[in-house]
Every structure is written in structure tokens, then in C-alpha cells.
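S.K.: below: sequence and its predicted model.
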Amino acid sequence: MRIEDYALIGDMQSAALVGRNGSIDWLCLPRFDSPSCFGALLGDEDNGQWWLGPAGGERPPATRRRYRGDTLVLESEWDTGTGTVRVIDFMPPRQANPDLVRIVEGVSGTVEMATEIHIRFDYGRIVPWVRRDDGVLHAVGGPDSVWLHSPVPLRHHGYAHEASFRISEGERMAFVFTWHPSHEPAPVDIDPFEELTGTETLWSEWVSQCTYKGPWRDAVVRSLITLKALTYAPTGGIVAAPTTSLPEDLGGVRNWDYRYCWLRDATMTLDALIDSGYLQEARDWRAWLLRAIAGRAEDLQIMYGVAGERRLPETELPWLAGYEGSRPVRIGNGAVNQLQLDVYGEVMNSMYMSRTSGLEADKRAWSIQRQLLAYVEAHWDEPDEGLWEVRGPRRHFTHSKVMCWVALDRAVKYVEVLGHEGPVDRWRELRDRIHAEICDKAYDPDRNTFTQSYGSQELDASLLLIPIVGFLPPEDPRVVGTIEAVERELMVDGFVLRYPMARDNDVDGLPGGEGAFLACSFWLAEALVMIGRREEAVELFERLLALRNDVGLLAEEYDPRYDRQVGNFPQAFSHVPLVHAARALG
Ligand SMILES: OC[C@H]1O[C@H](O[C@H]2O[C@H](CO)[C@@H](O)[C@H](O)[C@H]2O)[C@H](O)[C@@H](O)[C@@H]1O
């Protein structure tokens, strides 16, 4: 199945991907970053899958599907020769245990249905021991167990369970799948129909707080719901995406685990939420941050686990074939140990934005921010791996330096605007020194453009952020020149690459190419409107909106070679700039 054939459901602690054909191919429990119990996405049904749909062997795609209003409750409908059936998939807000509910409703006529479930723990490796008892299937393997309440008897078939049944107009039946630690007694049953009402109410109430009033409201609200679904409710952490190893290059090696909290992706997510009236998420994330980074400033990492875990060792899972053969499948992320100086600017900017949007002051937060600033003062002039987390040699990336400027700029504003205490003259002086150095070393006067790193000839789409973060005003000829250079040199089929994907490109240190990076394309739309080219900005923005799948979701990239979404899915880094660009264009 294509990546865009999936829809997301989740309970703000984990999430599942539901295919157009009624197959759940991805679900990690109990947390986003736990091992999967349905992992067919990165292999096949024998790595875990739960299919439910009209019987007949073909597993056809749903005739239509949608979220129920502004919620994360998914509805898929199949019109068949004998009638229409609806399957409602959702994960209720977490109580004691994670539940996944599938309700089957007869819409008209009578439809023959079937289901097949392959439960596999530990990323498809553990075939559990299974017992059936009075309408309940209980699977156990190592630390994991699941209880499946089925309204129809399940037959054992190989290492799977299946059932066939009939549903007629007006009937409804529910399957409830509950994860549970295997050493504990059976979980308490839930009422799936009450949970459906509760889940819809929760999402609708959350959306009703949204202050966004501009155009493209449906796309913005769907993005905000998706971002909220990527927050980890117990701690306030935010994951970059709920998947690992969906390839940036189909069949290639650019497969990474995104089920962690990047300071960059999380602060950008917060900015979008804060701008849309959501302050509680900012409060929760700040509390998460203070716990996660507690300790010495020099030990700050660019990403953490959802509860602030620091060790995220990157390992490969050789038993998984990978999405369409894209191997290796990785868990953990080696970028955790990189130096990425931009994150200091992103944290300072986001904290400043939340304070000016009404978040109450916190003394501990300011004292930690001061430590971070001291780190920037000592290290801003070092080469780093940059926001693209390159696996090639460190460089003086222009974007990293610009974000160090942002860190100091917001520090100065904390003092000047918010009345905090700090060595403002020293910060101001360094801010201006960094500014001067960037304009001197990262600007190519012959081509009238900033470049990817000091002394390089290459371009980089992160340069589009120069006017957006306020480093230079949009009317500055160097800004206009840089935007035009990006349009000339980094656009493929109307979308923007992160950096040139040349044959001998040694910048990212990885073999293979990749698609257009969606965030960069949204940044271009925002930059274009800032320099007064609104019509072209709207055109690009609408072209980007057209890439969303049928339920409004975006992966990390779009590959024009195959006209397909690629990379992890759905990706916060794509939905955040969608929200910002809509606001800017509106
Ligand atoms: O391209 C190589 C790197 O790719 C991933 O990083 C990307 O995803 C991150 C999470 O959304 C994002 O913060 C970063 O800007 C992107 O480049 C991967 O996580 C890295 O391990 C890998 O080196």
C-alpha cells in the first residue's frame, strides 16, 4: 500500500495506521516508541496485521473514508453488490490500558464481512501464545499481552485468527483490542459505544478552542489535530512522527526512527499550537523540557525519548524486509549525539513566543535558558551537523549560525520586553557580531545569495527561514536574491529540495537521493508572500495542499519521480509549516 493510503488514529500515547483496505499495519504499544504489535508496514502480515473488511478475498479499498467531523475517529465505508458497510476505527483516550476499537455498522442491505488478525510482538518477531475463552482471545509473549473481545467467534488458522460474519442495515458490533502488561491480571472491560461518544467529544471540544479564523480552515484544523495526536499526554513530550523507517528514498537506506522528541520539531509544533490558541500544550512541554534537560548545559541533547530518556541507541532490525524493500529498518536514532546548534535558537524562540502569548513566567525556566545561552556564547562558532542532521563532516552551516543569532536576539527581548534579568549588553554585542559574521562569510555577492555553509557554493532551503525568523527584513535585496536562487536551483517539479541531490553530493554523507522536503516548500510559500509575491505563494501553497492524502495527512517528503509521499508519516515537520503558511497567506 502507498504511504498516503494510510490514516492515523491514536490516543496521545501511541498511534495506529489504518490502510484504505481496512488493514491496521502499524501499532506500537504501550507508547509511540514501544515495539510494534502490528508491524506489517515494514514487512508483511507475518510481522503483525489486523485486517477487517468485506469478505471475498480481494481486500478492496474503502469506497470512501473520512474522519468524523473534527476528530481522530476514522470512518471507512464500502459499497458492495449486496449493501454498504461502515467500519469505525479509533483509540479512546487512555484509561488504565491502551484500547483499539473497531465498530462495524450495517448502513444498507446485508454485507458478508471477514477479519484476520496476526498479533506479533517485538516488531514482528514474537509469535505469541494464544488462548481463546468465551469470546475473548488472550495473546501473551514476553512482557506483552493483548485481550481481544470479538463479537464473533475467531478461528485459529496457522499463526493467525480469522472470522467471517454478516452485517445488515441497522446492526452494529464492536471489536475491542486491549494491550496489557503480561504479568498483570486481566484488564477491565470498556464499553466501546460509550467510548466512541467520549472520544468524539474530547476531540470536538479540543478543536472548539482553536482561534484560527483564516482561510483553508479544514486543512489547518486537520493539521492541528494531527499535531495534537503526536503529543505524549503523560509527559508533554511531542514526537516527530509515529513511525520508523518509512523511506525518504523508496528502496534506499534513508530510513530513520522518528518516534522521539526533537527539540527542533517539538518547538516548531508548539509554535503552531500556540499561534492557534493552545497554551496548555506549551505549559506541558515546558515542564517536559525542564525535566528532560535538567543537568549540565553541555549535556543538552537535540532529542529525547517521550519521557525524557537520553539513550536512544540506533540499531537495525534485520528480520524486517522494510517498506517496499527499503532496508535497513532502524530503531533508535544516532542523531541523538550530534551537535545541532540551531536547537538553542528554536527553544529560545518558542519559549519567548509562549511567554508573549500569555504563558506565565517560570523562574526555573529562565535559569535553564540562561545556561543554554551561556552554552551558545561558548560554542556558536563551532561547526555542527545542522538541522538536516547530516551524517557527513561537520560544517559551519549558515542556518545553525542564524539560529544562534535568534537565541541571542530572543534573550535580549526577554530583558527588553519581558523585564527579565541578564547580561543584556553582552548578549546584544554577540548577537550583532554573529549577524556581521554571517553576512560576511555566508553571503555570495556574485550570485546575490546566502549559501548553505561558510565558503560553500551550495544552496540550502533552510535559508528561506532568514526573513521568517527576523534575521533580515524581507525587502533586503540579499533575502530576495536568496529566495530567487532557491527557486532557480532547488526546485523540482514545483517543489523544493532541502539541498542539491547531486551525484557526488558529500554533504549529507548518505547514498541515494530523496524527494522534495515538504516543510521547505511551505517555507518558500511563506517567504514569497513576505516579498510581495502573494499570487505565486498561494499557487504553491495550494499545490502543496493537493499532495495531502484523502484524510488530509502529509508525510515528510513528496517524490515527484513516483508522484508519491515518502518518509515517515504523518510528519509534524510538514503539518507545522502548513499551519504557518496558511496564516501568513491569509
Ligand atoms: O537526513 C538524515 C537525517 O534524517 C533524519 O532527520 C530528519 O528528521 C528529523 C525529525 O523530523 C528532523 O529534525 C531533521 O531536520 C531531518 O533532517 C534522521 O532523524 C537523522 O537521523 C538523519 O541523520
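M.R.: Right, received. Where do you want to start?

S.K.: who's in contact with Arg498?
M.R.: Listed by CB atoms under 8 Å, 6 or more residues apart in numbering, the contact set of Arg498 reads 388, 460-462, 490, 514, 517, 520. C-beta here means a position set from N, CA and C on the backbone, and glycine is covered the same way.

S.K.: skipping its backbone neighbours, what lies nearest it in space?
M.R.: Once flanking residues are discounted, Arg498 sits nearest to Phe517: 4.5 Å by CB to CB, 6 or more residues apart in numbering.

S.K.: count of neighbours near Tyr304?
M.R.: Close neighbours of Tyr304, defined as other CB atoms under 10 Å, add up to 25.

S.K.: in the stretch 1-150 of the chain, what residue spans correspond to helices?
M.R.: Using DSSP state H, counting those that start in this stretch, the helices of the stretch 1-150 of the chain run over 121-124.

S.K.: avg pLDDT for the lengthiest strand in the chain?
M.R.: Using DSSP state E to assign secondary structure, the strand with the most residues in the chain is strand 99-118. The pLDDT scores in strand 99-118 average 98.

S.K.: domain boundaries for the chain, per the record?
M.R.: Domain assignment for the chain, taken from automatic domain parsing, gives 3-204, 209-585.

S.K.: ok now the longest one, how far from the chain's centre?
M.R.: Using CA atoms, centre = their mean, to the nearest Å, we find the averaged C-alpha position of domain 209-585 to lie 12 Å away from the chain's own average C-alpha position.

S.K.: same question, the shortest one
M.R.: Mean-position distance between domain 3-204 and its chain equals 22 Å (CA atoms, centre = their mean).

S.K.: quick one on the thing from earlier: next up, phi/psi of the residue nearest to Arg498, please.
M.R.: Backbone torsions for Phe517, taken as degrees, to the nearest 10, come to phi -90, psi 120.

S.K.: tell me the pLDDT of it.
M.R.: 96.

S.K.: quickly run through the sheet partners of the longest strand of the chain, with directions.
M.R.: Here strand 99-118 is paired, per DSSP bridges, with strand 49-54 (antiparallel), strand 83-90 (antiparallel), strand 160-168 (antiparallel), strand 172-181 (antiparallel).

S.K.: got JSON lines for the ones you listed, with mean neighbour count and distance to the ligand too?
M.R.: Below are the strands paired with strand 99-118 laid out as JSON lines (neighbours: other CB atoms under 10 Å; distance: least, CB to the nearest ligand atom, whole Å):
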{"stretch": "strand 49-54", "mean neighbour count": "25", "distance to the ligand": "26"}
{"stretch": "strand 83-90", "mean neighbour count": "23", "distance to the ligand": "26"}
{"stretch": "strand 160-168", "mean neighbour count": "17", "distance to the ligand": "34"}
{"stretch": "strand 172-181", "mean neighbour count": "20", "distance to the ligand": "26"}
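
S.K.: looking at these, spot the one closest to Pro328.
M.R.: Nearest of the strands paired with strand 99-118 to Pro328, taken as CB to CB: strand 49-54 at 21.0 Å.

S.K.: mind listing the helices for this protein?
M.R.: 121-124, 192-208, 217-229, 263-275, 280-292, 342-356, 363-379, 398-416, 424-441, 465-468, 477-490, 518-530, 534-545, 572-585 (DSSP state H).

S.K.: before we move on, the earlier item: closest one of the contacts of Arg498 to the ligand?
M.R.: The ligand lies nearest to Trp388 out of the contacts of Arg498, by CB to the nearest ligand atom, at 4.2 Å.

S.K.: for the residue in the stretch 101-250 of the chain that the ligand sits nearest to, give me its contacts.
M.R.: Nearest residue of the stretch 101-250 of the chain to the ligand (CB to the nearest ligand atom) works out as Ala240 at 3.8 Å. The neighbours of Ala240, taking CB under 8 Å, 6+ apart as the test, are 230, 258-262, 265-266, 568, 571-573.

S.K.: okay if I get the strands paired with strand 99-118 as JSON lines plus mean pLDDT?
M.R.: Below are the strands paired with strand 99-118 laid out as JSON lines (pLDDT from 0 to 100):
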{"stretch": "strand 49-54", "mean pLDDT": "98"}
{"stretch": "strand 83-90", "mean pLDDT": "98"}
{"stretch": "strand 160-168", "mean pLDDT": "97"}
{"stretch": "strand 172-181", "mean pLDDT": "98"}
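
S.K.: returning to what we had before: is the residue nearest to Arg498 in a bridge, and if so with what?
M.R.: Beta-bridge partners for Phe517, by DSSP bridges, are Glu557.

S.K.: touching, it and Val492? I think so.
M.R.: No - applying CB atoms under 8 Å, one finds Phe517 not in contact with Val492, separated by 10.8 Å.

S.K.: out of the helices of the chain, which is closest to Gly43?
M.R.: Gly43 lies closest to helix 121-124 among the helices of the chain, at 5.5 Å (CB to CB).

S.K.: can you list the residues that contact the closest one?
M.R.: 35-37, 39-40, 42-43, 46-48, 128, 141-142, 144, 317, 319-320, 329, 331.

S.K.: next, count neighbours for the residue nearest to Arg498.
M.R.: Phe517 has 26 neighbours, counted by other CB under 10 Å.
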